[in-house]
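Participant: only geometry, no sequence info:
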C-alpha cells in the first residue's frame, strides 16, 4: 500500500471518531511513520521488531497544568506494523480506526487498562 493510500485510511479513521471528541482535541498532531524509532521502543520497553500499531506521546489533557507554549502532543500510527498483521485492506482500515481511537483515548487521559476496557465495551 502506498503512503498516500495509507494516509487516506488514517484520515478516515480520524473522521470516524465522534465529532464531540474531535472538537476537544487540543494541541495534538497525528502522523504516520513506518515503524517506531529505537527511542520510542526504549520508552515503551519493547524490543526491536515489536508490532506497535500506534503511540501517544505528550501530556494528557487531564494532567495539563500551566500548559502554554509547548510543542503539540503526538499520535503516531505505524504503517508497517499494521500492514504486517492485516490480511486485507478492510482489516487495515479496521486496525487503523481502532488504533486512532486508542491513542486519542490516551490524549484524554485514559490509562492503558481503561482504554482496553473501553475497547472491549465498544466491540460488544
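Facilitator: Alright, I've got the coordinates. Nothing here was measured: the structure is a model prediction, and the numbers come from that model.
Participant: how about the longest helix along the chain: buried residues?
Facilitator: Longest helix in the chain by number of residues (criterion: DSSP state H): helix 89-107. For helix 89-107, a neighbour-count test (16 or more other C-beta atoms under 10 Å) marks 92-93, 95-107 as buried. In short, each C-beta sits where N, CA and C put it, glycine included.
Participant: what's the answer for stretch 9-24, then?
Facilitator: For stretch 9-24, burial by neighbour count (16+ other C-beta under 10 Å) applies to 9, 10, 13, 14.
Participant: about what we covered before: out of the buried residues of helix 89-107, who's nearest residue 22?
Facilitator: Residue 22 has its nearest neighbour among those in residue 104, at 8.5 Å by C-beta to C-beta.
Participant: pLDDT for the buried residues of stretch 9-24 - can I get that in a markdown table?
Facilitator: Formatted as a markdown table, those follow (pLDDT from 0 to 100):
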| residue | pLDDT |
| --- | --- |
| 9 | 97 |
| 10 | 97 |
| 13 | 94 |
| 14 | 95 |
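Participant: out of the residues you listed, which are inside helices?
Facilitator: Judged by DSSP H, those include 9, 10, 13, 14 as members of helices.
Participant: out of the buried residues of helix 89-107, which is nearest to residue 78?
Facilitator: The nearest member of the buried residues of helix 89-107 to residue 78, counting by C-beta to C-beta, is residue 99 at 8.3 Å.
Participant: please read off the pLDDT at the closest one from the model.
Facilitator: pLDDT recorded at residue 99 is 95.
Participant: one more: residue 121?
Facilitator: Here, the pLDDT recorded for residue 121 equals 76.
Participant: same deal with residue 124?
Facilitator: For residue 124, the model assigns a pLDDT of 68.
Participant: tally of neighbours for residue 3?
Facilitator: Neighbourhood size, residue 3 [other C-beta atoms under 10 Å]: 10.
Participant: tell me the contacts of the residue lying farthest from the centre of the chain?
Facilitator: The C-alpha centroid of the chain is most remote from residue 66, which lies 25.2 Å away (C-alpha atoms, centre = their mean). Residue 66 makes no contacts at all, as judged by C-beta atoms under 8 Å, 6 or more residues apart in numbering.
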